[in-house]
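Enquirer: need a structure here:
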Amino acid sequence: MTHSSAHCHAHATIEPTKPAELPSRRTIVVALAPAAAASSGPAFAKSEAPPEDERFIRMALDEARQGDYAFGCVITRDGALIAHGHNLGKTNDDPTAHGEMVAIRAAWPITAAQACAAPRSTPPASRV
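Expert: Numbering: from 1, shown residues only. Reported below is the predicted structural model:
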């Protein structure tokens, strides 16, 4: 009895099964968009923030537009702007240069100087 190997293999060929395809993110967003648009609630909650807070938010958004990525930050105290920053990760080749970190680094000398000049309730510690 002789068998041709080509003949045996031709019948034994099995097509690989395709894994179940999952919907893409785009498909999910497109499917959910009508539901979000049809919701009965307001699109934005009414703001009860003081106008100066809204001004600072707008400043942070302006900072975000200037950055490598859309992240901006303003640091304020008692209604005054202390520092601002936007993402400089690509520009400075620094993965820590987020908008918040840039603003904190800019604010540090200012806030440290203010802290040193602030009146104290206790005398400075003496060195022994």
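Enquirer: how about residue 107, what does it touch?
Expert: Counting by C-beta atoms under 8 Å, 6 or more residues apart in numbering, residue 107 makes contact with 75, 82-83. C-beta coordinates here come from the backbone N, C-alpha and C atoms, glycine included.
Enquirer: Roughly how far does it sit from residue 25?
Expert: Separation of residue 107 from residue 25 (C-beta to C-beta, to the nearest Å): 37 Å.
Enquirer: and if you look at residue 88?
Expert: Counting by C-beta to C-beta, the gap from residue 88 to residue 25 is 29 Å.
Enquirer: Have a look at the two and say which one is more surrounded.
Expert: residue 88 (19 against 8; other C-beta atoms under 10 Å).
Enquirer: And what about the residue nearest to that one when sequence neighbours are not counted, helix, strand or coil?
Expert: Once flanking residues are discounted, residue 88 sits nearest to residue 97: 4.1 Å by C-beta to C-beta, 6 or more residues apart in numbering. Assigned by DSSP: H, G, I helix; E, B strand; the rest coil, the conformation of residue 97 is coil.
Enquirer: pLDDT below threshold where in this protein?
Expert: For the chain, the stretches flagged by pLDDT under 70 are 1-20, 30, 33-47, 118-128.
Enquirer: what about 50?
Expert: Within the chain, not a single segment meets pLDDT under 50.
Enquirer: got the contact list for the residue nearest to residue 88?
Expert: 87-89, 91.
Enquirer: Which among those count as buried?
Expert: Buried members of the contacts of residue 97, counted by 16 or more other C-beta atoms under 10 Å: 87-89.
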